[in-house]
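Student: my questions are about this predicted structure, shown below with the sequence.
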Amino acid sequence: MAADHYHRYKEDIEMMHSIGLDSYRFSLSWSRILQKGRFGGVNPAGVKFYDSLINSLLGKGIQPFVTINNYDIPEELQERYGSWLSPQIQEDFTYFAELCFKMFGDRVKHWITFNEPNLMVKLAYFTGGFPPSHCSEPYGKCNSGNSSTEPYIAAHNMILAHAKAVNTYRKNYKAKQGGSVGITLHMRWYGPLRNIKEDHLAVSRVLSFEAAWFLDPLFFGDYPHQMRQILGPNLPKFTKGEKQLLKKQIDFIGVNHYDTYYVKDCIYSLCDLDLYTSEALVFELAERNGIPIGKLTPANSYVVPSSMEKLVMYLAQRYKSIPLYITENGYVQIDNSSTTAEELINDTERSSYIRDYLTYLSFAIRKGADVRGYFVWSLMDTFEWKSGYTVKYGLCHVDFKSLKRTPKLSAKWYSKFIKGYEQIEMASEESPKHMVSYHRNTEFSRKLFGKFPHVHVCQCHIGIAWETRRSLEDEARPQAYRISENKRSVFLSWVDSCV
Ligand SMILES: O=C(/C=C/c1ccc(O)cc1)O[C@@H]1O[C@H](CO)[C@@H](O)[C@H](O)[C@H]1O
């Protein structure tokens, strides 16, 4: 039953509205709409649910950001042809996506084909941690699979499925519906363990094996050359026709960002190569000389807010002026048997986390990245995949017995922030410890995050998004850049000149 959003969506939309969200990111369940893929009919109850959800959101001025596929597939497609390992799935996905455009595209203007396909294929076919649990040693223990080939085959089919869906949208729906279609990648950030050329190259390699694995084909028509060099024939090839189809088949990039690690080179040094990132011939670790890379979270991940600026700049430079959305970013809590609801609700760390990541996101915006929105993961506590109810990301607490929702302190903070009442403390990049209070935050959030921010949530994604307002920006930027020595004052000046 999880949080039972299926029956409580109206109450949940009230909650979004009272927080002040103007976009909600959620995903569709493929099998709820097409129980047997293209081999069966449409389930009217499933369509009715999404119709009512979308209509209720719009009724409250909340924009739906719809992810077409988030890991789950109709079992029929697994049994018939092995789902993502067969090119046949490209046709099934395109069929499903077109049905969604047709049914919901009059109201949905932001589509995301896949959520984190780069993570999904690794979990499903490399480590084997997620269904269908395929892998081979030393990366995991599974009954079947091949960790050196299957992740790349599955990814290949997902990339082509994405391109075909976008192509269909552009041909048959875009003119009339006027929306845009992107893809969301899971994106860790990495720093070099040592300040040596080999480790800098290791960072560039591991990044090529992550988001660029999916994005390079969609922008340039082929995989990053580092992947081809290392993987050789294990990396599938696109035909000439496919390369043509692929190029520029994307309107925006979505990024889910949580984690940062150091990496060290494993081409010139010896390493144990059995980790998530091993195929890139790097070794990942979280400490340098015994000092952790960031503040430790209860789930043993690390908080490194400055990564947000770096990864956004990496994407903005590699893929030129592409619009970007941060489609997930959030703070984890662990609920073990001794944790009380009060402790979970008193989540001051979460507000700090969001504030600090937004601060560094604003630095990237100031440097010219075309960031259109930010979504917190998540609106409320969820059933978190294999971790069930033990891992919580919500701004709102859910009591999974009574299903009662209670806003945590972070929901109150975020609400004030997006409504523009909260005074935000900005850290400057050069001196993160020196905090500058910004006293005109109403203007700050209105101008920086837009007058008409889009908002989204997922099964529990939430957040805010803003539209870039060219006229304001164009006016504001030259003035701001005039005093570009001091980044902090640039930032304040830019905001002031927008006011
Ligand atoms: O980032 C991840 C999942 C990472 C992972 C899982 C299992 C492993 O074994 C390793 C990594 O998912 C995103 O982050 C969220 C919070 O986790 C999930 O709840 C979202 O659904 C998802 O989009």
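Tutor: On my side now, so go ahead.
Student: and stretch 376-396, average pLDDT?
Tutor: Averaging pLDDT along stretch 376-396 gives 97.
Student: wait, does the helix or strand containing Arg355 make contact with the ligand?
Tutor: Per DSSP states H and E: Arg355 is located in helix 348-366. No. Helix 348-366 lies apart from the ligand when judged by C-beta under 6 Å from any ligand atom; the minimum separation is 13.2 Å. Where C-beta positions appear, they are placed from N, C-alpha and C, glycine not excepted.
Student: what comes up buried for that helix?
Tutor: Across helix 348-366, burial judged by 16 or more other C-beta atoms under 10 Å covers 349-366.
Student: now stretch 306-321: buried residues?
Tutor: Result for stretch 306-321 [16+ other C-beta under 10 Å]: buried residues 306-312, 314-316, 318-319.
Student: so what's Ile326 scoring on pLDDT?
Tutor: With respect to pLDDT, Ile326 scores 97.
Student: try the one 3 residues further on
Tutor: Reading off the confidence values, Asn329 has pLDDT 98.
Student: residues in contact with it?
Tutor: 256-258, 308, 354, 357, 374-377 (C-beta atoms under 8 Å, 6 or more residues apart in numbering).
Student: the residue nearest to Pro407 when sequence neighbours are not counted - how many residues pack around it?
Tutor: Of all residues not flanking Pro407 in the chain, Cys396 sits nearest, at 5.1 Å (C-beta to C-beta, 6 or more residues apart in numbering). By other C-beta atoms under 10 Å, 23 other residues sit near Cys396.
Student: what residues does the helix or strand harbouring Phe65 touch?
Tutor: Using DSSP H and E, Phe65 falls within strand 63-69. The contact list for strand 63-69 (C-beta under 8 Å, 6+ apart) reads 22-28, 30, 53-54, 57-58, 93, 96-97, 100, 104, 107-115, 165, 184, 325, 327, 375, 454-456, 458, 461, 465.
Student: and the helix or strand harbouring Leu201, what's buried?
Tutor: Here Leu201, judged by DSSP H and E, is contained in helix 197-208. Residues of helix 197-208 classed as buried: 198-199, 201-208 (neighbour count, 16+ other C-beta under 10 Å).
Student: tell me the one among those residues nearest to the ligand.
Tutor: Here the nearest of the buried residues of helix 197-208 to the ligand, counting by C-beta to the nearest ligand atom, is Val206; it sits at 15.5 Å.
Student: pretty sure the closest one contacts Tyr262?
Tutor: No. Between Val206 and Tyr262 there is no contact under C-beta atoms under 8 Å: 10.4 Å.
Student: hey, what's in contact with both of the two?
Tutor: Applying C-beta under 8 Å, 6+ apart, one finds that Val206 and Tyr262 are jointly contacted by 190, 284.
Student: picking that back up, OK, contacts around the residue nearest to Pro407?
Tutor: Cys396 touches 15, 379-381, 405-408, 411, counting by C-beta under 8 Å, 6+ apart.
Student: show me what it bridges to in the sheet.
Tutor: Legend: beta-bridge partners of Cys396 under DSSP bridges are Met380, Pro407.
Student: now do it against Ile19, distance only.
Tutor: 8 Å (C-beta to C-beta, to the nearest Å).
Student: overlap in contacts, the two.
Tutor: Shared contacts of Cys396 and Ile19 (C-beta under 8 Å, 6+ apart): 407, 411.
Student: count the residues that sit near the residue nearest to Gly330 when sequence neighbours are not counted.
Tutor: Closest residue in space to Gly330, ignoring its immediate chain neighbours: Trp377 at 3.9 Å, by C-beta to C-beta, 6+ apart. By other C-beta under 10 Å, 25 other residues sit near Trp377.
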